[in-house]
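> sequence first, predicted model second:
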Amino acid sequence: MTIDITAIKRLKDLTGVGLTDAKAALEQSNGDFDLALSAMRKKGLTKAEKRSEREARQGLIGSYNHDNRIGVIVEVNCETDFVARNDIFVNLVKDVSLHIAATNPTYLSEDDIPKKEIDNLRQELTSKAQAEGKPENMIENIVQGQLSKYYSEHCLLNQPFVKNPDITINDLIKEHIARLGENIVIKRYYRLALGEINT
């Protein structure tokens, strides 16, 4: 089967793999671009998981200002200054800043939520499910599902990305780890809105 060079280059650009790997993926998927892209992303995300253990000390502090009413400062780290200056990385930092301005996450990740808050929420959701007469053997799954929803609303890494709600911010970061070949970490952020008091 002859694979169109345009499709090969497009797959290469989207995933950061070499031309040979992109061509092989398209051949394995019988020319189905979406299938090849999905397979390459899975492979890339597996590599990204390994890279996420490496130390990231370089990076950028990015900012976003919306209509002079909402401002965001975010620190995103990578491993080298070379990647920090790369347009792909710079655009990632801009996208994360814009996302924070739009969604106002309370926490960076689930790990940042105080244990007491999670315990209280779990207890509240369990009591609610019991009061609604849900089957006892289903309550844990119901509570876990509602906790996941809470994380996706309040934790930056769990939130659906505003520009593409099919992926989370965590997925976005992993895709860029796979593309750029370095560990990438959102270190911290701060969001200001006119008239709001931050505690």
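That came in fine, so what should we check first?
> strands of the protein, start to end?
58-66, 70-78, 160-161, 164-168, 185-193 (DSSP state E).
> list the contacts for the residue nearest to Val96 when sequence neighbours are not counted?
Closest residue to Val96 apart from its sequence neighbours, by Cβ to Cβ, 6 or more residues apart in numbering: Val74 at 5.5 Å. For the C-beta atoms, the positions are set from N, CA and C on the backbone; glycine is no exception. Neighbouring residues of Val74 by Cβ atoms under 8 Å, 6 or more residues apart in numbering: Ile61, Gly62, Ser63, Val93, Val96, Ser97, Ile100, Ile186, Arg188, Tyr189, Tyr190.
> buried subset of the residues you listed, written for PyMOL?
Of these, the buried ones go into a single PyMOL selection, burial set by 16 or more other Cβ atoms under 10 Å:
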select buried, resi 62+93+96+97+100+186+189
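> dump the residue contacts of Ala129.
Met138, Ile139, Ile142, Val143.
> farthest pair within those residues?
Met138 and Val143 (9.6 Å; Cβ to Cβ).
> so how far is Ala56 from Cys155?
20 Å (Cβ to Cβ, to the nearest Å).
> that older thread, more neighbours: Met138 and Val143, which one.
Val143 (20 against 10; other Cβ atoms under 10 Å).
> and the spatially closest residue to that one that is not a sequence neighbour, how far from Asp34?
Nearest non-adjacent residue to Val143, counting by Cβ to Cβ, 6+ apart: Leu125, 4.6 Å away. Distance of Leu125 to Asp34, computed by Cβ to Cβ: 37 Å.
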